[in-house]
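Participant: below are the sequence and a predicted model; questions follow.
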Amino acid sequence: MKILSLWQPWATFMALGYKANETRSWPTSYRGPLAIHAAKNTSALEDVDEILMDAGLMGGDRTTVGGTKWPLGQIVAVVDLIDCKRTEDIRGDLSHCERALGNYSDSRFAWVTTNLRRLKPGIPFRGMHGLKPLPDETQGEILKRFLEMAAARYENKP
């Protein structure tokens with residue numbers, strides 16, 4: 001499994017399923033599970049109201065979206081990275097929300113993801129630049145958390 005750090009609010013937008021593509025200036029050949037890490041950088045949160053309004057999402061409260069606080073320094077979700085496409089090849093087929101939550105200008109790349117698995121609460125982790133391998137012990141912690149979440153859902157079923 002690899003990990004990618006995203007600034008907020010984009011990490012939470014992915015964790016909540018508002019954003020399925022991550023746009024980058026560079027392509028990747030990696031395909032497989034991808035941990036989404038919410039970096040500690042909060043500079044983009046200054047513009048969160050405008051971002052939310054542009055995407056057609058709720059606005060007003062800078063501390064929450066969809067009832068979720070903006071986690072920092074945590075792995076917030078795992079997705080499957082299934083493709084990497086040039087932005088100019090796919091932007092016409094995207095929803096308004098998806099386009100508003102990424103940089104789809106020419107000569108960029110959309111990392112296409114599916115199979116969102118949200119981690120709530122997130123798992124504390126020190127992020128890093130670029131696409132990096134996730135340490136085995138952290139992968140084990142994620143698997144343990146998913147198993148606990150599945151067991152809790154099973155126990156709560158009538």
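Facilitator: Arrived safely.

Participant: so what are the sheet partners of the strand ranked longest in the chain and their directions?
Facilitator: Ranked by number of residues, the top strand in the chain under DSSP state E is strand 109-124. Applying DSSP bridges, strand 109-124 is found paired with strand 21-24 (antiparallel), strand 74-86 (antiparallel).

Participant: buried ones in it, by neighbour count?
Facilitator: By 16 or more other C-beta atoms under 10 Å, the buried positions in strand 109-124 come out as Phe109, Ala110, Trp111, Val112, Thr113, Leu116, Arg117, Arg118, Leu119, Gly122, Ile123. All C-beta spots, glycine's among them, are computed from the backbone N, C-alpha and C.

Participant: looking at those, spot the one nearest Gln8.
Facilitator: Gly122 (11.5 Å; C-beta to C-beta).

Participant: average pLDDT for the helix or strand hosting Val48, rounded please.
Facilitator: Using DSSP states H and E, Val48 falls within helix 48-55. For helix 48-55, mean pLDDT is 78.

Participant: show me what it is packed against.
Facilitator: Packing partners of helix 48-55 (3 or more C-beta pairs under 8 Å, 6 or more residues apart in numbering; DSSP states H and E): helix 96-100.

Participant: CA atoms only for the helix it packs on, dumped as PDB, please.
Facilitator: Backbone C-alpha positions of helix 96-100 (Å, rounded to 0.1, in the frame of the first residue of the first chain) are rendered in PDB as follows:
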ATOM      1  CA  HIS A  96     -19.500  20.000 -11.500                       C
ATOM      2  CA  CYS A  97     -18.500  19.000  -7.900                       C
ATOM      3  CA  GLU A  98     -15.500  16.800  -9.100                       C
ATOM      4  CA  ARG A  99     -14.300  19.600 -11.400                       C
ATOM      5  CA  ALA A 100     -14.500  22.200  -8.700                       C
END
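
Participant: report the buried residues of that helix.
Facilitator: By neighbour count with 16+ other C-beta under 10 Å, helix 96-100 contains the buried residues Cys97, Glu98, Arg99, Ala100.

Participant: in the protein, where is pLDDT below threshold?
Facilitator: Applying pLDDT under 70 to the chain flags residues 58-68, 157-158.
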